[in-house]
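> got a predicted structure plus its sequence, pasted below:
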Amino acid sequence: MDERGGPSGLCILCRVGASTCAFPIEHVSETMRPLPVEPLAGVPPFVLGVAILRGTPAPVVDAATLLGGSPSVGHTRFLALRIGERRALVAVDAVLGVRPLATDWVRDLPPLLRGAGVEAVEWMGALDGDLLVVLGAARMIPESVWASLDGAGVGAGA
């Protein structure tokens, strides 16, 4: 429950370039150091390639490129996302931690994919609609809101 008595959910907060993002924890199976990535031909620019996760190939998405920025060279972590029975990896610059955030408060934040170009979202929908749904649940945390989260606990659950 949040400070107003409403429901809250755990989110994994991470840095992508200068942005802070929140991924609902129910979609994240683990965080890890970057794995070796095998590039693939003919994929959209936001797909770095494929990595072997626990013996199974998983696509690796560069969050910075997906959000319309230039490819990041500073990935320090991968988030393993649950896509039904499958996994996909999202390359981020840093994992900041896990926080309880009020569900209604999180819904009001801008969607992670808002910064993604139309072409990127169309590619994602054509390649993997389930991954698009999971990424659609993630949110951007504006810098002013991030400062209040760190300071006063805005949006934090009790």
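Thanks, I have it.

> flag every buried residue along stretch 47-61.
For stretch 47-61, a neighbour-count test (16 or more other CB atoms under 10 Å) marks 47-51, 53, 58-61 as buried. Every residue, glycine included, has its C-beta placed from N, CA and C.

> go through those and say which is closest to residue 111.
residue 61 (15.5 Å; CB to CB).

> the closest one contacts residue 90, doesn't it?
Yes. Residue 61 sits in contact with residue 90 when judged by CB atoms under 8 Å, with a separation of 5.1 Å.

> what sits in contact with each of those two?
Jointly contacting residue 61 and residue 90 under the rule CB atoms under 8 Å, 6 or more residues apart in numbering are residue 135.

> for residue 75, give me its contacts.
Contacts of residue 75 by CB under 8 Å, 6+ apart are 34, 62, 91-93.

> distance of the residue nearest the centre of the chain from residue 52?
Computing the C-alpha centroid of the chain and ranking residues by CA atoms, centre = their mean puts residue 23 first, at 5.1 Å. Residue 23 is 22 Å from residue 52, where distance means CB to CB, to the nearest Å.

> and residue 43, by the same measure?
17 Å.

> again with residue 98
Taking CB to CB, one finds residue 98 at 26 Å from residue 52.

> related to what we said a few turns ago, just the ones of the buried residues of stretch 47-61 in strands?
By the criterion of DSSP state E, membership of the buried residues of stretch 47-61 in strands covers 47-51, 53, 58-61.

> wait, which of those is closest to residue 16?
residue 61 (10.9 Å).

> got a list of what that closest one touches?
46-48, 88-91, 131, 135.

> go on, residue 47?
Here residue 47 is in contact with 40, 59-62, 127 (criterion: CB under 8 Å, 6+ apart).
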